[in-house]
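Asker: Here is a sequence with its predicted model. Questions after.
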Amino acid sequence: MGKLHTEHRKIAVPGDLLAEGMDFVPSMGSYRDDEKVFASTVGIVDIRGRVIKVIPLNGRYMPMKNDVVIGKIKDIAYNHWSVDIGGPTDANLSVSEGVSDYVDLARTDLSRYYNFDDYIVAKILRVGSDGFVQLTTKGPGLKKLRGGKLTEMVSSKVPRAIGKSGSMITMIKDMTNTEIIIGENGWIWINGKPEDELRATLAITKINEESHTAGLTKRIEEMLKKGV
Amino acid sequence: MIKLVDNAQVEFILGLAATKKRLDNRKNFEGFRETQIEYDVSMNAEGSARVKLGKTDVTAGIKIGIGEPFADRPDEGVIIVNVELPPIASPNFEAGPPREPTIELARVVDRGIRESGAIDLKKLCIKEGEKVWIVYIDIYALNHSGNLFDASSFAAVAALSKTFFPKVDKDYNVQYGEKSKKKLTIKRLPISCTFAKIAGKIFIDPSLKEEEVMSGRLTVTCSEDMVHAMQKGLQDGFSASEVDKCVADAMKVSKELRKLFK
């Protein structure tokens, strides 16, 4: 039987010994060296049965298949758009995955569909071994976003912003009277009146900063009740 | 690569401005973010200070040495300002030799101190043409969250105001580690105020998100009654009346800021 050297929800730094023994399985943010499991990032230890995970406190978004992300159109090429999704490389949205009607590439200006600076909700179709990311906007809820503004948080903390079965995000939406879409890349689109957008943004900033503490939902509720 | 201006962000900033609010929800729409000054943060420096401007964090350290004066200014001491923007302060900063923004930042801080006459260079002279005091002002950014210009300038001035000369022996060899009781005198406090122009509107003390979309920048350095230095950056222009307004605002705001310095 292996031995655990850490606790659930404790902070770990790279090189920290998390557990000993082959019955523990390293997952995100940890690795095995012989019998021992070490942390490879700064983060919060998450133990689920035999699986040990270190949820990073900071860092870039790493694209994963089937993630629903928010992206920004950075470039228009002959037959695709380059989309910034906050990952290490720009993602690719091809015409066939972005538009459902027939497009004559020789005659059509692609900015009709998605122009520079437009925000989109898209799903990651494929992540290549070389880091190539292919997006699609075909599917329920995937669309071009009109108006609104974008705010960012660390992608690994996104579950905290959503809360248990959406409790946190529903509360923020109701209390600030805004429309919010959270991308799994940590980009968050907010639409409402400017002062409402600001309140929602400040709430999300607070979640980002205090994600590792307990009783966060209550504090966010108090903060929004007091008004900013 | 050409950076696209985030139009959604500009609209958001302007929308908030209409309701007299700023992105970081600062208390005073036309004022600085919360500013904190901490003195004597470095043991080995002759004087040091750390300034927090919202989430922007900058430290400055002063080292004093003895050297030869410049040939054309034999009776004046030397001040040298150096700014370091290490990668820990922002993902956009890279290690290596200083680049244009770093050099501009150092020059603006330097000009504010030099042109205001905060330090009397003639008093730094030990022996004309041979030995003068050299004041090194080293500024390190610890976190970049907008307006490094003012944070660096505050840190430099605050550190200078708490600087003591090191001890020297008979042959004028500096004995580092021991401070003398002789204080570096600061004649006036030059306070810099930076303004950002976003879609034709002017904002004081821009935060990071505002700096990302600004098209023009103006830094005004003033003392109690006088403007000593200015620096205009980026492509957008400022009209004469806009410059007048910036100067008037800088004079007003710097009065409040000056109270933070001990």
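Answerer: Thanks, I have it. Numbering: from 1, shown residues only, chains lettered A, B, ... in the order given.

Asker: Tell me where chain B has strands.
Answerer: Taking DSSP state E, the strands of chain B run over residues B:35-39, B:47-53, B:56-67, B:78-84, B:125-127, B:131-143, B:164-168, B:174-183, B:191-198, B:201-204, B:216-222, B:227-233.

Asker: for chain A, what are the nearby residues on the stretch 101-250 of chain B?
Answerer: For the stretch 101-250 of chain B, the contact set with chain A under CB under 8 Å from any CB of the partner chain is empty. Yep, even glycine has a C-beta here, placed from its N, CA and C like the rest.

Asker: Next one, pLDDT for the residue in the stretch 101-250 of chain B that chain A sits nearest to please.
Answerer: Closest contact between the stretch 101-250 of chain B and chain A, by CB to the nearest CB, is at residue B:209 (9.2 Å). What the model reports for residue B:209 is a pLDDT of 90.

Asker: excluding its backbone neighbours, what's nearest it?
Answerer: residue B:23 (5.3 Å; CB to CB, 6 or more residues apart in numbering or on different chains).

Asker: Wait, the residue of the stretch 101-250 of chain B closest to chain A touches residue B:9, no?
Answerer: Yes: applying CB atoms under 8 Å as the test, residue B:209 and residue B:9 come out as touching, 6.5 Å apart.

Asker: which phi and psi does the residue nearest to residue B:209 have?
Answerer: phi -50, psi -40 (degrees, to the nearest 10).

Asker: ok, the nearest residue to residue B:220 once chain neighbours are set aside - contacts?
Answerer: Sequence neighbours aside, residue B:250 is the residue nearest to residue B:220 in space, at 4.1 Å (criterion: CB to CB, 6+ apart). Contacts for residue B:250 (CB atoms under 8 Å, 6 or more residues apart in numbering or on different chains) come out as B:191, B:193, B:195, B:220, B:222, B:227.

Asker: The same query, at a cut-off of 7 Å, please.
Answerer: B:193, B:220, B:222 (CB atoms under 7 Å, 6 or more residues apart in numbering or on different chains).

Asker: mean confidence score for the longest helix that chain A contains?
Answerer: Taking DSSP state H as the criterion, chain A has its longest helix at helix A:194-210. Throughout helix A:194-210, pLDDT has a mean value of 90.

Asker: Go through the helix or strand following that helix and flag the buried ones.
Answerer: The helix or strand immediately downstream of helix A:194-210 is helix A:216-226, counting by DSSP states H and E. Buried residues in helix A:216-226, counting neighbours by 16 or more other CB atoms under 10 Å in any protein chain shown, are found at A:216-217, A:220, A:224.

Asker: And stretch A:40-50, what's buried?
Answerer: Under 16+ other CB under 10 Å, the buried positions of stretch A:40-50 are A:40-47.

Asker: could the residues you listed go into TSV alongside distance to residue B:258?
Answerer: Shown next, in TSV, are the buried residues of stretch A:40-50 (distance: CB to CB, whole Å):
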residue	distance to residue B:258
A:40	49
A:41	44
A:42	40
A:43	43
A:44	44
A:45	48
A:46	50
A:47	54
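
Asker: Just put those residues in CSV and tack on pLDDT.
Answerer: Putting the buried residues of stretch A:40-50 into CSV (pLDDT from 0 to 100) gives the following:
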residue, pLDDT
A:40, 94
A:41, 92
A:42, 93
A:43, 92
A:44, 90
A:45, 93
A:46, 91
A:47, 92
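
Asker: which pair in these spans the largest distance?
Answerer: A:42 and A:47 (17.2 Å; CB to CB).

Asker: Name the residue closest to the centre of chain B, please.
Answerer: Centroid check for chain B by CA atoms, centre = their mean gives residue B:153 as the closest residue, at 1.4 Å.

Asker: For the closest residue to that residue other than its chain neighbours, give me its contacts.
Answerer: Closest residue to residue B:153 in three dimensions, ignoring its sequence neighbours and counting by CB to CB, 6+ apart: residue B:192, at 4.0 Å. If you count contacts by CB under 7 Å, 6+ apart, residue B:192 has them with B:112, B:149-150, B:153, B:219-221.
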